[in-house]
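Asker: the sequence and its predicted three-dimensional model are supplied below.
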Amino acid sequence: MLKLQRQLRNVKSNNVCRLCDIFLRLPVRSAGAKLDIKMFASIESQATDIFSAAVKAVLPRKMVENTLKIHGNVLSVEGTDYNLKHNIYVVGFGKAVIGMARTVDDLLREHIVHGVVSVPCGIQATLAALGRKDMLLKQGSNIKICEGAENNLPDEAAHRTAMTILRLAQGLTEKDILLVLISGGGSALLPAPIPPITLQEKQHVTKLLGSAGATIQELNTVRRQISLLKGGELAKAAYPAKVVTLILSDIIGDTIDLIASGPTVINYPQSLTGLAVLQKYNLLFDVSDTVRRVLERRESSFSSSARNKACSVAVQNVLVGSNEVALDAAEHCARKLGYYPLNLSRWLQGEASAVGEYFAKLTMHIQQAYQLAKRSPSEVNDIQSLLCGSLQSLPLDWQRRLLADKQLAMCIQRLKPFCVMSGGETTVAVLGSGKGGRNQEMVLSWLININNCARFSRVPAAHRVDTPSHADCASANFHFPKASWSRNQEIDICFCSAGTDGQDGPTDAAGAVTAVRSVNGTMVANTKASLLNAQAYLEENDSYNFWMKADELGGIGQLIKTGHTGTNVMDIQVLLVNPQQRHLSNL
């Protein structure tokens, strides 16, 4: 711990990337060591520490150990017992399964005959560089690690591994146990298109749906209907062996037939077909004739046959971790930092830039209420009434959650720091030719919208760009108090959004973080962001390069770079509002 503290003292307060790197190196449990998280020097560091706490809560070892219980030669999984006799075969696919495989190997090594695990390109080197040897397989393991799916897209390397997994499953007997490890990113790491569909044709379908803004549920619906392994086909291939599947969810609602396209979920609901998804986005005739014919054949041949029922009896699917677990840890960390946390949504969906705009509106409403409370003492009911009126521009489910109790109003009345967090997964409709990811785009949209409603700044007006009039802001439901303010009434505000897997889109960043300040009732415009022409970057879907430029300029925000974290439970958003300026001395 002393070593960690020395590391922190050598970190500049705005170097969020480095801080995330240090925090993610911490072991899941550090006996006897307690980190005083109030030592952090900036609100940006506090936000990223909350994100780091969320990630550490869903690292694989603890979740697997809580699920697999070994008593002699008996393996117990959620109340079901399996006899162990050198009869365990392991397969896995996903961004988090390498750590799951290590834990399984530690627990069951003497009974494991063979295993094949498909993981993202570069994850072993990244974990080794971060000092996470506890997530890497030991020498002599019977489990083979295969890397593939560069930039989170199915490729030939992942396809070869998928076919190896299929052959392993097909060779099992009724005495064998197939232990399947699944996490987010598993679909891209298990590409096995039904012949005569080629891998290139399947990749084309994936890219078309992603660019059209299809949800992960819709994307997986198509994937599993053109796959040899998805939609329960892996479990069928392994029959009559028993199948135990440990699942780390990256799907909103934790619907297991959609996680990695449900390779061991046989009787899944068919409320939506692959053809219907393609028709919805007007892509039916943009895919190859081969893909269309296979989808038509699968749609007409789906049935709940007797064999399907027999296979289902031999399968046990267990959910071992989810975004909910990560958010619970984030809430706990926020409380320790002195913030009152409110979980806005565990189901965050929608277009990333639109969600960023909603978060900006929420920010403006909250800072206005804080400033009103600073100006003159107000009753909680008065502040609650103010919020009821101002929050009407937000989605209805957000309004209900924010007003469900009076904690937000009470924090505002007492001028206490407040934290809004959410979890889920948004989408990006790609219209430009830039580079970025949904989290980076969401934070960029937030910053643009905050800037657009910043009326005053401490810099000369000649240096401000695209600052709207008071009437413009009022039309967007931002109501600024008209009274004169006392000097130096400041509120620090920070927003970050990042993926728990450490990879946001086809980039090396997990997400981004930025911070602004409200002075005497008005939001201070970030002139550097205006000078960079942030809106042009957003329109080009070029958020990654915006944040790279922002990092060079300083004072705007920056990318959060963790490398592969070894887990994946979707994304986390953190909005911090601190009216008390609890800044600590430089480390």
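Answerer: Thanks, I have it.

Asker: strands of the stretch 301-450 of the chain, start to end?
Answerer: 315-321, 340-348, 418-424 (DSSP state E, counting those that start in this stretch).

Asker: how about Gly92: what's its closest non-neighbour residue?
Answerer: Nearest residue to Gly92, sequence neighbours excluded (C-beta to C-beta, 6 or more residues apart in numbering): Leu181, at 3.3 Å. Just so you know, the C-beta spots here come from the backbone N, C-alpha and C atoms, and that holds for glycine as well.

Asker: just confirm Ala214 is within a helix.
Answerer: No: applying DSSP: H, G, I helix; E, B strand; the rest coil, one finds Ala214 to be coil, outside a helix.

Asker: before we move on, back to that, most neighbours per residue, which of the strands of the stretch 301-450 of the chain?
Answerer: strand 418-424 (a mean of 25; mean count of other C-beta atoms under 10 Å).

Asker: for that one, what is the distance to the chain centroid?
Answerer: Relative to the chain's own centre, strand 418-424 is displaced by 12 Å; criterion: C-alpha atoms, centre = their mean, to the nearest Å.

Asker: would you map the strands across the stretch 51-200 of the chain?
Answerer: Using DSSP E, counting those that start in this stretch, the strands found in the stretch 51-200 of the chain span residues 68-71, 74-77, 80-83, 88-93, 112-120, 143-148, 177-182.

Asker: one step back: quick one: residues contacting the residue nearest to Gly92.
Answerer: By C-beta atoms under 8 Å, 6 or more residues apart in numbering, the contact set of Leu181 is 90-94, 97, 100-101, 104, 117, 245-246.

Asker: one more: His114?
Answerer: Taking C-beta under 8 Å, 6+ apart, one finds 89-90, 142-144, 168 in contact with His114.

Asker: cutoff 10 Å now
Answerer: By C-beta atoms under 10 Å, 6 or more residues apart in numbering, the contact set of His114 is 88-91, 142-144, 168, 171.

Asker: top of those by neighbour count?
Answerer: Val91 (32 neighbours; other C-beta atoms under 10 Å).

Asker: go ahead and confirm that residue touches Asp176.
Answerer: No: using C-beta atoms under 10 Å, Val91 is not in contact with Asp176, being 12.0 Å away.

Asker: any common contacting residues for these two?
Answerer: Shared contacts of Val91 and Asp176 (C-beta under 10 Å, 6+ apart): 169, 238, 243.

Asker: which residues of the stretch 451-587 of the chain fall in helices?
Answerer: Along the stretch 451-587 of the chain, counting by DSSP state H, counting those that start in this stretch, helices occupy 470-475, 527-531, 534-539, 543-553.

Asker: which of the ones you listed comes out lowest on mean pLDDT?
Answerer: Looking at the helices of the stretch 451-587 of the chain, the lowest mean pLDDT belongs to helix 470-475 (a mean of 34).

Asker: straight-line length of stretch 181-197, end to end?
Answerer: By C-alpha to C-alpha, to the nearest Å, the extent of stretch 181-197 from end to end equals 26 Å.

Asker: average model confidence for it?
Answerer: Here the average pLDDT along stretch 181-197 is 93.

Asker: quick one: distance of it to the chain centre.
Answerer: 20 Å.

Asker: pLDDT weak spots in the stretch 351-500 of the chain?
Answerer: 455-488 (pLDDT under 70).

Asker: return the residues in contact with Ala512.
Answerer: Applying C-beta under 10 Å, 6+ apart to Ala512 gives the contacts 16, 436-437, 439-444, 446-447, 495-498, 504, 543-544, 546-547, 550-551, 556-561.

Asker: same question but for Leu538, I mixed them up
Answerer: 352-353, 356, 432, 434, 436, 441, 444-445, 447-448, 546.

Asker: at 8 Å instead, please
Answerer: Shown in contact with Leu538 (C-beta under 8 Å, 6+ apart): 353, 441, 444-445, 448, 546.

Asker: go on, Gly184?
Answerer: Contacts of Gly184 (C-beta under 8 Å, 6+ apart): 94-96, 248-251, 259-260, 501, 568-570.

Asker: mind doing that once more with 10 Å?
Answerer: Per C-beta under 10 Å, 6+ apart, neighbours of Gly184: 94-97, 152, 216, 247-251, 259-260, 323, 425, 499-501, 567-570.

Asker: next one: phi and psi at it?
Answerer: With angles defined as degrees, to the nearest 10, Gly184 sits at phi -60, psi 150.

Asker: now the closest residue to Cys419 other than its chain neighbours: how far from His204?
Answerer: Excluding the flanking residues, the one nearest Cys419 by C-beta to C-beta, 6+ apart is Tyr339, at 3.8 Å. Distance, Tyr339 to His204, using C-beta to C-beta, to the nearest Å: 46 Å.

Asker: same check, this time on Gly72
Answerer: 51 Å.

Asker: so the two - more neighbours on which side?
Answerer: Between Gly72 and His204, counting by other C-beta under 10 Å, His204 is the more crowded of the two (15 against 6).

Asker: secondary structure element holding that one?
Answerer: helix 199-212 (DSSP states H and E).

Asker: helix or strand right after that helix?
Answerer: Next along from helix 199-212, by DSSP H and E: helix 216-225.
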